[in-house]
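S.K.: here is a sequence with its predicted model. Questions after.
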Amino acid sequence: MGAFIVRRLFWSVPVLLALLLAVFLLMQAVPGGPFDFAGEKNLPASVVRNLERKYGLDKPLHVQFYNYVVSLVLHGDMGPSFRQRGRTVNEIIAESLPISAQLGIMAIGLALIIGIPAGIIAALNHNTWLDYLASFLAIVGVSIPALVMGPLLYWIFALKLGWLPVALWGAERPFILGFIPIPTAKFIRHAILPTFALGTGLSASIARLTRASLLQVIREDYIRTARAKGLRERVVVIRHALKNSLIPVVTVLGPMFAAVVTGTVVIEAIFGIPGMGKYFVQSINNRDYPLIMGVTLVYSVILVLSNLFVDIAYAWLDPRIRYS
């Protein structure tokens, strides 16, 4: 297993470099530049040339990319933001990523708490009213986007009932280990609505996958053998059937985790959460090249690590899987 992990991490380096190169070339191909201000008076040509010289944009593309990679590898420096003057990309990500990670981890946790039991109940009560109810709720959860679920939740629980705050994020710095919030009452009250708005849709997808996979597994011969030996139904389901049925769920958890931990544009915009999601859109609209590269790199690294943990989980869930 150790050799497999080292090999995967080794091959992830050229993958990340190729991804950075593709993003670099694509953003250079987009019309406009970082110093073009839409709807405003453009800067004089001489000022633009001075700014390009300051940030190294007057150099050939291969030199720009080489300088960026060298600075990133040797110093961990993602460069300054072109549009947020006086701030570096490192500072922006260090400030916003922990908040997005908090929301994403709680939403994933809620999705697992709701989705896996709902899928198990539906599969074990196949073609009964419990199965139909769980399937109906899962379809509703998948069908309602966060763009609708978020405003609906805060209209009911914040505006009408007044139980919870409408927006903002209640985490108090400093965080534990850099991103774990101190669980104050203020933080919990602010986190409930966005967590439910994001987590319910994820839980619906997980419930459907769990149900479909478990229905397939419980019909296998080794499950019949376990029941024939006289094992209790709980032992058969949890020890023998559930682990193998979770392989498809774990597979989707890798990209799902990377997507929500690095920021969700809609939920963060609805609830006024200062996370990293908005920078994926703002950096492209502003042609902020270092910020585009920075947020893409962070997402890619988390995605690579998430998929690595998924592969490791395969071996734990199914002893037949070996990495050698």
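M.R.: Right, received. Where do you want to start? From a predicted model like this one, the values you see are computed outputs, not experimental measurements.
S.K.: pull out the buried residues from stretch 308-324.
M.R.: By neighbour count, with 16 or more other C-beta atoms under 10 Å as the criterion, the buried positions of stretch 308-324 are 308, 310-314, 317. The way it works is simple: take the backbone N, C-alpha and C, and place the C-beta from them, glycine included.
S.K.: starting at the chain centroid, how far to stretch 99-116?
M.R.: A distance of 10 Å separates the centroid of the chain from that of stretch 99-116, by C-alpha atoms, centre = their mean, to the nearest Å.
S.K.: what's the domain layout of this structure?
M.R.: 2-75, 94-317 (automatic domain parsing).
S.K.: of all those, which one is nearest Gln84?
M.R.: Gln84 lies closest, by C-beta to C-beta, to one member of these: domain 94-317, at 7.6 Å.
S.K.: the bottom helix or strand of the protein by mean pLDDT?
M.R.: Least confident helix or strand of the chain, by mean pLDDT, DSSP states H and E, is helix 233-235 with a mean of 78.
S.K.: tell me the first helix or strand C-terminal of that one.
M.R.: Downstream of helix 233-235, the first helix or strand assigned by DSSP states H and E is helix 243-245.
S.K.: mind giving me the packing neighbours of that following helix?
M.R.: On a contact count with 3 or more C-beta pairs under 8 Å, 6 or more residues apart in numbering; DSSP states H and E, helix 243-245 meets helix 185-217.
S.K.: quick one: buried residues of the helix it packs on?
M.R.: Residues 187, 190-211, 213-215, 217 are the ones in helix 185-217 that count as buried (16+ other C-beta under 10 Å).
S.K.: for it, name the packing helices and strands.
M.R.: Other elements packing on helix 185-217 under the criterion 3+ C-beta pairs under 8 Å, 6+ apart are helix 89-124, helix 129-143, helix 146-154, helix 243-245, helix 247-261, helix 265-270.
S.K.: between it and helix 146-154, how big is the angle?
M.R.: 130 degrees (axes from the mean of the first three to the mean of the last three C-alpha atoms, to 10 degrees).
S.K.: now do helix 185-217: distance to the chain's middle.
M.R.: 14 Å.
S.K.: and it, what's its mean pLDDT?
M.R.: Helix 185-217 carries an average pLDDT of 87.
S.K.: ok, and what's touching the helix or strand just after it?
M.R.: From helix 185-217 onward toward the C-terminus, using DSSP H and E, the following helix or strand is helix 221-228. By C-beta atoms under 8 Å, 6 or more residues apart in numbering, the surrounding residues in contact with helix 221-228 are 217, 233, 235-236, 240-241.
S.K.: now helix 221-228: buried residues?
M.R.: By neighbour count on 16+ other C-beta under 10 Å, the buried set for helix 221-228 is 223, 226.
S.K.: got the angle between it and helix 185-217?
M.R.: For helix 221-228 and helix 185-217, the angle between their directions (the same axes, to 10 degrees) works out to 100 degrees.
S.K.: just the CA trace of helix 221-228, in PDB.
M.R.: The C-alpha coordinates for helix 221-228 follow below in PDB (Å, rounded to 0.1, in the frame of the first residue of the first chain):
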ATOM      1  CA  ASP A 221     -24.600 -15.800  -3.300                       C
ATOM      2  CA  TYR A 222     -22.300 -15.000  -0.300                       C
ATOM      3  CA  ILE A 223     -25.200 -13.000   1.300                       C
ATOM      4  CA  ARG A 224     -27.500 -16.000   1.000                       C
ATOM      5  CA  THR A 225     -24.700 -18.200   2.500                       C
ATOM      6  CA  ALA A 226     -24.300 -15.800   5.400                       C
ATOM      7  CA  ARG A 227     -28.100 -16.000   6.100                       C
ATOM      8  CA  ALA A 228     -28.100 -19.800   5.700                       C
END
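S.K.: quick one: that helix to chain centroid distance?
M.R.: The chain centre lies 38 Å from the centre of helix 221-228; the measure is C-alpha atoms, centre = their mean.
S.K.: quick one: average pLDDT of that helix?
M.R.: Per-residue pLDDT values across helix 221-228 average out to 80.
S.K.: do the same with stretch 87-94
M.R.: Averaging pLDDT along stretch 87-94 gives 91.
S.K.: buried residues, it. List them.
M.R.: Across stretch 87-94, burial judged by 16+ other C-beta under 10 Å covers 88-90, 92-93.
S.K.: if anything else comes up later, I'll come back, but that's it for now.
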